[in-house]
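A.B. asks: what shape does this take:
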Amino acid sequence: MVEPTPSEHVIQIQQRAGIRGRVHSSTLRRRAIKVLRQFDLPDSELSLVLTGDEEIRALNASWRGKDAATDVLSFPQEDMPRPPGVRRALGDVVVSIETAERQRARGALPRLRMSGPWSLTDEVTFLMLHGVLHLLGFDHVEDGEAEMMEVTEAAFMYALLNRRR
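C.D. replies: Numbering: from 1, shown residues only. Below is the predicted model:
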């Protein structure tokens, strides 16, 4: 196996049992790399875990004290100094495919104002992007923060999906 050079992005995608094959991993990987490039994050690594409601519910209860399934959780890595040649580990983004499927059935998020088909891979892409934004410090607790995050998400999704408003 050839080791990637430090200038490449590494996107690790784990699909839990029962989840495999429901989304296009190669498409998610390409889209994640585009997001990291847009944010000018060279030499970075991202872990994306695709799971079900049961596991994400347990994580949500453990880490956030909320005993309910959710669509996406983000777990940032410590931003510690790195030796030269070592990638920046951004963290883990965990997506519930079961929740994503229910959301996909409703179509693109209304705030995105996208027309056309909305696949499960598109929904998971949106959730991955949302999770990456959290890893980078974006939040949506307060109105101003939420608006900034939504504008950023919409701009990225239009670019990632090559669509127009």
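A.B. asks: and the longest helix along the chain, how far from the chain's centre?
C.D. replies: Scanning the chain for the longest helix, with DSSP state H as the assignment, gives helix 143-161. Counting by C-alpha atoms, centre = their mean, to the nearest Å, helix 143-161 is centred 13 Å from the centre of its parent chain.
A.B. asks: what's in contact with it?
C.D. replies: Here helix 143-161 makes contact (C-beta atoms under 8 Å, 6 or more residues apart in numbering) with 31, 34-35, 38, 111-114, 122, 125-126, 129-130, 133, 138-140, 163-165. Just so you know, the C-beta spots here come from the backbone N, C-alpha and C atoms, and that holds for glycine as well.
A.B. asks: now it: buried residues?
C.D. replies: For helix 143-161, the neighbour count (16 or more other C-beta atoms under 10 Å) marks 149-150, 152-154, 156-157, 160-161 as buried.
A.B. asks: I figured residue 22 hits residue 104, correct?
C.D. replies: No: the criterion here is C-beta atoms under 8 Å, and residue 22 misses it with residue 104 at 10.7 Å.
A.B. asks: who's more crowded, the two?
C.D. replies: Per other C-beta atoms under 10 Å, whichever of residue 22 and residue 104 has more neighbours is residue 104, with 18 against 15.
A.B. asks: ranges for the strands of this protein?
C.D. replies: Assigned by DSSP state E, the chain shows strands spanning 10-15, 44-51, 72-76, 88-96.
A.B. asks: circling back: for residue 22 and residue 104, list the residues in contact with both.
C.D. replies: residue 120.
A.B. asks: any stretches of this structure with poor pLDDT?
C.D. replies: For the chain, the stretches with pLDDT under 70 are 1-7, 80, 108, 110-111, 115, 163-165.
A.B. asks: nearest residue to the middle of it?
C.D. replies: residue 128 (1.2 Å; C-alpha atoms, centre = their mean).
A.B. asks: wait, it touches residue 29, no?
C.D. replies: No: here residue 128 lies out of contact with residue 29, judged by C-beta under 8 Å, at a distance of 10.1 Å.
A.B. asks: buried residues in stretch 58-73?
C.D. replies: For stretch 58-73, by 16+ other C-beta under 10 Å, it's 59-60, 69-73.
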